[in-house]
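J.: Just a sequence and a predicted model for now, questions to come.
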Amino acid sequence: MSARQRIAVVGAGLGGLCAAGFLQRSGFAVKVFEQAPAFSRIGAGIILSANATKVLRRLGLEDALIAAGIKSQQYISRAWDSGETMYEIVFDAASERRHGGPYVHIHRGDLHTVLAHAVAPGTIAFDHQLVELDERADAVRLIFANGTAAEADIVIGADGIRSKVRDCLLGAEAPRFCGAAAYRAIFPADRLNGLRIPDCTKWWGTDRHCLPYYLTGRRDEVYAIGVVPVSHWDGDEASVPTTREQYLASFAHFHADLQRVLQAVQSVSLWPIYDRERNDCWSGGHDSRIVLLGDACHPVPPYMAAGGAMAVEDAAILSRCLTTFGDREEAFASYMATRIPRVGDVQRISLENSWMRGPTDTDWFYCYDPCTAPLAPPL
Ligand SMILES: Cc1cc2nc3c(=O)[nH]c(=O)nc-3n(C[C@H](O)[C@H](O)[C@H](O)COP(=O)(O)OP(=O)(O)OC[C@H]3O[C@@H](n4cnc5c(N)ncnc54)[C@H](O)[C@@H]3O)c2cc1C
């Protein structure tokens, strides 16, 4: 496809910034429109497995990623009551070689600071909330809440689970409440009073789980996400404040080792969890100029810690398709044919909440390289 094409990416999240970075390197004229006034350091962490970190390496971001986060050395699954180890994976030099990249935990705010370097200065237009798309035969017009407008040859909707681009393509449809909510707390590791915890542990209960992990290589900051069943959720807010007492009460019957970690929590908030039913329609069909990636087209519950990695993989594959194919429709068709089977597997495993609960083949997931994997022929 001609690199003179103008590409508008809506959303400066994980997927949007990676796609913009790759497309700029291929010579496209890329602009990213983000609704937020600036990146902020919201209180949450994220795990990026090797299938995602090797993509960030291609964007020249690996060193900064590791410096800001932690190269994890191990993940352990433990039973909520006995504390028995159900599964363990060690991340050492040999596994990093086999997977092709490290396994990294990082504060989301720090990740955004790193990702901002994926694109040339001035690429991101903050405070630009997309409100409308007008797709014409020769271009797409983007209209923003701040009263401005822009024009592009291709629009990539990377605007997350409540995607406006998706609404424009498929019609407005609220995401599905999963019947669960996540406590999210970050606190200094010295509040553990000398307790050394593994880099990442998942405590598995019958209807809930809790995942404490370090956020920095100095192991001085801990993030503990605890997912509990909630029958319904009223209101549109992304999160509500809650208390350490509430968090502890929700995991009161869990093993003493987890209790000691949760005792260290200071402030905590509760986030409802949403996803969408699988929908394999990621572009507007014949001759469309609009395509979706990441949570905009396939949000999953966060139980496999893979939604962000899927957005990053999408970005790498979509960029390759747009660079490889001379025709937009073929590029979108190959992108979807390449991505849908793998994303479908991840969606199924996330819904089951079965990833690494017991002995698990992880190589198909971690060893995958979206920068070199074969592109499926356009359907
Ligand atoms: C509790 C929880 C824990 C998780 N943990 C992990 C994990 O450990 N590992 C992992 O890989 N994934 C995890 N995920 C999933 C991961 O966060 C998402 O899958 C990932 O952020 C999706 O990336 P994205 O780029 O598609 O969208 P997002 O990261 O959501 O980015 C979308 C961007 O679009 C912007 N935007 C939205 N609407 C508009 C608009 N109208 N105009 C302009 N801009 C707009 C938003 O402000 C945002 O910056 C977790 C999710 C949750 C809820």
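T.: Structure received.
J.: hey, let's count contacts and neighbours off CA atoms from now on
T.: Noted.
J.: The ligand contacts on the stretch 51-200 of the chain?
T.: His128, Gln129, Leu130, Val131, Ala158, Asp159, Gly160, Ser163, Lys164, Ala182 (Cα under 6 Å from any ligand atom).
J.: which residue packs closest to Pro188, ignoring adjacent ones?
T.: Of all residues not flanking Pro188 in the chain, Glu221 sits nearest, at 4.5 Å (Cα to Cα, 6 or more residues apart in numbering).
J.: Please point out which parts of stretch 275-282 sit buried.
T.: Neighbour-count burial for stretch 275-282, counted by 16 or more other Cα atoms under 10 Å, picks out Asp275, Arg276, Cys281, Trp282.
J.: Filter the residues of the stretch 51-200 of the chain next to the ligand down to the ones in helices?
T.: Cross-referencing those against helices under DSSP state H gives Lys164.
J.: mind putting the residues of the stretch 51-200 of the chain next to the ligand in a markdown table, pLDDT, neighbour count and distance to Tyr335 included?
T.: Listed next are those as a markdown table, based on pLDDT from 0 to 100; neighbours: other Cα atoms under 10 Å; distance: Cα to Cα, whole Å:
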| residue | pLDDT | neighbour count | distance to Tyr335 |
| --- | --- | --- | --- |
| His128 | 98 | 22 | 27 |
| Gln129 | 98 | 23 | 26 |
| Leu130 | 98 | 22 | 24 |
| Val131 | 98 | 14 | 26 |
| Ala158 | 98 | 32 | 15 |
| Asp159 | 98 | 29 | 18 |
| Gly160 | 97 | 25 | 18 |
| Ser163 | 98 | 23 | 19 |
| Lys164 | 98 | 22 | 21 |
| Ala182 | 98 | 23 | 32 |
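J.: For the ligand, tell me which of the buried residues of stretch 275-282 show up nearby.
T.: Within the buried residues of stretch 275-282, nothing lies near the ligand by Cα under 6 Å from any ligand atom.
J.: Leu23 touches Leu17, doesn't it?
T.: No. Taking contacts as Cα atoms under 8 Å, Leu23 lies outside contact range of Leu17: 9.9 Å.
J.: Show me which residues of stretch 366-379 are buried.
T.: For stretch 366-379, by 16+ other Cα under 10 Å, it's Tyr366, Cys367, Tyr368, Asp369, Pro370, Cys371, Leu375, Pro378.
J.: Need the distance between the two termini of that stretch.
T.: 27 Å (Cα to Cα, to the nearest Å).
J.: Show me how far that stretch is from its chain's centre.
T.: Put simply, stretch 366-379 sits 19 Å off its chain's centre (Cα atoms, centre = their mean, to the nearest Å).
J.: residues making contact with it?
T.: 49-51, 54-55, 98-100, 313-314, 316-317, 320-321, 330-335, 337-338 (Cα atoms under 8 Å, 6 or more residues apart in numbering).
J.: How about that stretch and the ligand, touching?
T.: No. Against the ligand, stretch 366-379 shows no contacts by Cα under 6 Å from any ligand atom, the least distance being 11.9 Å.
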